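Novice: Sharing a model that was predicted from the sequence below.
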Amino acid sequence: MSDVRTLPPPESPPPNGNGPSSSRLAAVEVRLAALEAHFEHVATKADLEKAKSDLIKWMMGAIAVSTMALTAAVIRSMV
């Protein structure tokens, strides 16, 4: 298998904590903070479940009302 690549050994961080790994960690923390800020505006599972049940209630109500109206119209046309 000549196409297999080997990864270089991980660099050990310098003793003072400054180096490529600490700057990468800082960049990841900044990106994570930005993602968490967006999560405040995302609907939770409970929010979606409530919206789903509300939509089902409205749709069933609309079907019931239109059925009653259609039934009344048919009865009036027969008389």
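Specialist: Yep, that arrived.
Novice: Only C-alpha atoms from now on, for both contacts and neighbour counts.
Specialist: Will do.
Novice: which ones are touching Ala27?
Specialist: Contacts for Ala27 (Cα atoms under 8 Å, 6 or more residues apart in numbering) come out as none.
Novice: Spatially central residue for the protein, please.
Specialist: Val42 (6.2 Å; Cα atoms, centre = their mean).
Novice: pLDDT below threshold where in the protein?
Specialist: 1-20 (pLDDT under 70).
Novice: for it, what spans make up the helices?
Specialist: For the chain, the helices defined by DSSP state H occupy 20-38, 45-78.
Novice: where does Ile43 fall, phi/psi-wise?
Specialist: Slight slip there: residue 43 is Ala, not Ile. phi -70, psi 140 (degrees, to the nearest 10).
Novice: ditto for Val42
Specialist: The phi/psi pair for Val42 (degrees, to the nearest 10) reads phi -90, psi 140.
Novice: From Ile56, how far off is it?
Specialist: Val42 sits 22 Å away from Ile56, going by Cα to Cα, to the nearest Å.
Novice: for Glu29, same thing?
Specialist: 41 Å.
Novice: and what of Leu48?
Specialist: To Ile56, Leu48 is 12 Å away according to Cα to Cα.
Novice: Ok, Ser21 next?
Specialist: For Ser21 relative to Ile56 (Cα to Cα), the value is 51 Å.
Novice: cool, and Glu49?
Specialist: From Glu49 to Ile56 the distance is 11 Å (Cα to Cα).
Novice: same deal with Met68?
Specialist: Shown here: Met68 relative to Ile56, a distance of 18 Å by Cα to Cα.
Novice: same question, Ala62
Specialist: In terms of Cα to Cα, Ala62 sits 10 Å off from Ile56.
Novice: circling back to that earlier point, Ser21 and Ile56: who's more crowded?
Specialist: For the pair Ser21 and Ile56, the greater number of neighbours falls to Ser21 (15 against 12), based on other Cα atoms under 10 Å.
Novice: what's the distance between that one and Leu32?
Specialist: 16 Å.
Novice: same deal with Lys57?
Specialist: Distance, Lys57 to Leu32, using Cα to Cα: 39 Å.
Novice: same thing with Leu70?
Specialist: From Leu70 to Leu32 the distance is 56 Å (Cα to Cα).
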